[in-house]
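Novice: Build me a structure from this.
(one chain, ligands or ions: 1)
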Amino acid sequence: MTMNRRQFLKNMGIGAAGAALPGVSMFAANEAMNPQDKSLFKLPELHCDVIVVGAGPAGIPAAVAAAREGAKVILLEEDMMPGGAPVDMYVTYMCGAPRVGVFIDMVRELNQKHSLSITPSSTFGQWAWDNKQHWWLPSSFAQVVYGIMKAEKNITLMCGSPVVDAVVETKGNRNRVTGVCVMRQGMLQKVSAPVTIDATGTGLLAAKAGCEYFYGSDARKDFNESIGLEKSDGRVQPCTMMYISQRTRSDAEFPRHIFKTGVLDHDQEKWVTQQTEEEFRKIDSGIYLHWGATVECTDTTDPVLVADAHRRAMKKLEPQFEALNRAGYVTHVAPKIGIRECRRIKGEYVLTVDDVLKGVMHDDKIADAWYSLDPWGMNVDPKIKNSVGPYGIPYRSLIPVNTEGLLTAGRIISGTRLAMSSYRVQPICATIGEAAGTAAAMAALQKTSVRNLDVRRLQNRLDEKGLFEWYRHVNMNVNNKPWKK
Ligand SMILES: Cc1cc2nc3c(=O)[nH]c(=O)nc-3n(C[C@H](O)[C@H](O)[C@H](O)COP(=O)(O)OP(=O)(O)OC[C@H]3O[C@@H](n4cnc5c(N)ncnc54)[C@H](O)[C@@H]3O)c2cc1C
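Specialist: Okay, the predicted model is just below:
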């Protein structure tokens, strides 16, 4: 049985009004369980200073940053392994910048210890344009994360621990998140902290806490944007099933003619499909990362529709798998279909595509960002798409409206769909995560709310950690700025 979004929302108790207005904010239902009901919780309650939900590109730096500020952190991950999209969706390739802080340390280690080339690249794309396309095995990401976690005494990482609800106190029209409910082996456990970070990539926790969110495309007029759709079509970016192919016979010839695009050798300058015959023969690494099959999913919060998208993508991949297999290559398919877009949690500021295109550096900037607009499935003039230079992520975009005790990090922060098509890439998500973790720890340890945090002090702290280094470097030292080409 397939369900459409309207039915799904009805079942969730959100109602048809929200369903009829894709792209506008909706209030989420929080009807699932009563976190005050002690009989539900079979495991003892845990306490810490900062909870981070989701151990992906945003959640990992968030947890590390908070821990390094001196906060006791619990990092909750629903998968049995940390890593997020690079591990469970095989998105093991980074786009955009800045590459700073915890993220660049991870990349450095990936390059030194897990490079797929015989000689690790000397530059590893630190400034984002060493003309190399770097990718690593998904398990390498997890290994690097485990190494970091071991070194951070203030972090307790709990895998296989899906957060199923938020613990919320309501006062007037304000909600205060005081913790989360975790499902561990069929038993519920409450985890409490003065500050929680939603780094789920889906915004599920914020939605459960009753935060307003956006879903699907916006109309230009919704946020006074200079480009975009006249009328929202409610669509999210399509999903892509990623996989890795690997040579098994020494005489195997990679059948690159069957791919139009989206195949990467290790550490090379061009996509496999763009290489000349001579270049290809010279490199032919024997291991390739594939942006395999792309399919639409009308509701990425609906498990039935996600499963159906997964099935359709696998079906679409069959001819590729057969051709590769015949040619002497095995395929390793990502455990999860790659979902690019889900909820965007409405914050004190909604970052727009014009902020991105004009390179606005807000007074409360907590992260630099740089990547083209990349709204899969939506036509945007390539000249406009690629004209994006550095811009700033404001702290207000991490603070959900009418909510205390909660910050968002990663691709779910408050922005329009077109703006998000740029900041959703891993280096930017990671920098936002590191800023969120720093802010959360400062607020928790100073016993103040995230909303009342002194933003200048936060910015100074982020500067000390080198988070604004990339922007300083490219502005001062690099004449050959890619966005000026
Ligand atoms: C197909 C595809 C291709 C992409 N290509 C690129 C690219 O080439 N380069 C690039 O830089 N970026 C790319 N991206 C974008 C990028 O990978 C993501 O936007 C980025 O990973 C988002 O980071 P995040 O930490 O916000 O979320 P995620 O990576 O989704 O991490 C969220 C984590 O939270 C966990 N989680 C979710 N819900 C719960 C819960 N209830 N309880 C506990 N844990 C939970 C998840 O298991 C996951 O580990 C691509 C994305 C996709 C899907």
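Novice: Count the neighbours of Ser122 for me.
Specialist: By other Cβ atoms under 10 Å, the residues close to Ser122 number 8. (Glycine included, C-beta is placed from N, CA and C.)
Novice: Any figure for the gap between it and the ligand?
Specialist: 21 Å (Cβ to the nearest ligand atom, to the nearest Å).
Novice: Next: Leu40.
Specialist: Plainly put, Leu40 is 17 Å away from the ligand if you go by Cβ to the nearest ligand atom.
Novice: Just give the closest residue to that residue, not the sequence neighbours.
Specialist: Nearest residue to Leu40 in three dimensions, chain neighbours excluded: Leu188, at 5.2 Å (Cβ to Cβ, 6 or more residues apart in numbering).
Novice: wait, is that neighbour part of a strand?
Specialist: Yes. Assessed by DSSP: H, G, I helix; E, B strand; the rest coil, Leu188 belongs to a strand.
Novice: I'd assumed Leu43 was in contact with it.
Specialist: Yes. With contact taken as Cβ atoms under 8 Å, Leu188 and Leu43 are classed as touching, separated by 7.0 Å.
Novice: who's more crowded, these two?
Specialist: Higher neighbour count among Leu188 and Leu43: Leu188, with 18 against 13, using other Cβ under 10 Å.
Novice: Quick check: bridge partners of that one?
Specialist: Phe41, Met183 (DSSP bridges).
Novice: What of Glu212?
Specialist: Counting by DSSP bridges, Glu212 is bridged to Phe27.
Novice: any idea how far it lies from Leu205?
Specialist: The gap separating Glu212 from Leu205 is 14 Å, by Cβ to Cβ, to the nearest Å.
Novice: Same question for Lys260.
Specialist: 38 Å.
Novice: When these two are compared, which one has more neighbours?
Specialist: Leu205 (28 against 7).
Novice: Tell me which helix or strand the more buried one sits in.
Specialist: For Leu205, the host element (DSSP states H and E) is helix 204-208.
Novice: buried stuff in stretch 248-257?
Specialist: Residues of stretch 248-257 classed as buried: 252, 254, 256 (neighbour count, 16 or more other Cβ atoms under 10 Å).
Novice: Now for the residue nearest to the first one when sequence neighbours are not counted: which residues touch it?
Specialist: Counting by Cβ to Cβ, 6+ apart, Ala252 lies nearest to Gly328, which is 2.9 Å off, once chain neighbours are set aside. With contacts defined as Cβ atoms under 8 Å, 6 or more residues apart in numbering, the neighbours of Gly328 are 247-249, 251-253.
Novice: Would you point out the most distant pair within those residues?
Specialist: Pairwise distances across those peak at 12.5 Å for Thr248 and Glu253 (criterion: Cβ to Cβ).
Novice: residues in this structure within reach of the ligand, list them.
Specialist: The chain comes close to the ligand at residues 53-59, 76-79, 84-85, 89, 91, 93-95, 162-163, 199-202, 204, 240, 242, 338-340, 410-411, 424-426, 429, as judged by Cβ under 6 Å from any ligand atom.
Novice: who's in contact with the residue in the stretch 101-250 of the chain positioned nearest to the ligand?
Specialist: Residue nearest to the ligand within the stretch 101-250 of the chain: Gly201 (2.5 Å; Cβ to the nearest ligand atom). Contact analysis of Gly201 by Cβ under 8 Å, 6+ apart lists 54, 56, 58, 84-85, 339, 342, 410-412.
Novice: The nearest residue to Val360 once chain neighbours are set aside pairs with what?
Specialist: Of all residues beyond its chain neighbours, the one nearest Val360 is Tyr391 (5.8 Å), with distances taken as Cβ to Cβ, 6+ apart. Listed by DSSP bridges, the beta-bridge partners for Tyr391 are Ala369.
Novice: what's the burial count for Tyr391?
Specialist: Applying other Cβ under 10 Å, I find that Tyr391 has 25 neighbouring residues.
Novice: Stretch 187-200: which residues count as buried?
Specialist: By 16+ other Cβ under 10 Å, the buried positions in stretch 187-200 come out as 188-200.
Novice: Which members of those occur in helices, if any?
Specialist: Of the buried residues of stretch 187-200, none are assigned to helices by DSSP state H.
Novice: Between the residues you listed, which sits nearest Val145?
Specialist: When the buried residues of stretch 187-200 are compared against Val145 (criterion: Cβ to Cβ), the nearest one is Ala199, at 13.3 Å.
Novice: Looking at the stretch 1-150 of the chain, what residue ends up closest to the ligand?
Specialist: Gly56 (2.1 Å).
Novice: Tell me how many other residues crowd that residue.
Specialist: Applying other Cβ under 10 Å, we find 31 other residues in the vicinity of Gly56.
Novice: can you check the one 10 residues further on too?
Specialist: Close neighbours of Ala66, defined as other Cβ under 10 Å, add up to 35.
Novice: got it, and Thr331?
Specialist: 17.
Novice: Lys385 now?
Specialist: 18.
Novice: Could you pull out the helices in the stretch 201-350 of the chain for me?
Specialist: Counting by DSSP state H, counting those that start in this stretch, residue ranges of the helices within the stretch 201-350 of the chain are 204-208, 277-283, 303-327.
Novice: Identify, out of those helices, the most deeply packed stretch.
Specialist: helix 204-208 (a mean of 26; mean count of other Cβ atoms under 10 Å).
Novice: Output that one as CSV, nothing but the C-alphas.
Specialist: Provided in CSV are the C-alpha atoms of helix 204-208 (Å, rounded to 0.1, in the frame of the first residue of the first chain):
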residue,chain,number,x,y,z
LEU,A,204,12.6,14.6,13.5
LEU,A,205,13.5,15.7,17.0
ALA,A,206,12.6,19.3,16.5
ALA,A,207,9.4,18.3,14.8
LYS,A,208,8.6,16.0,17.8
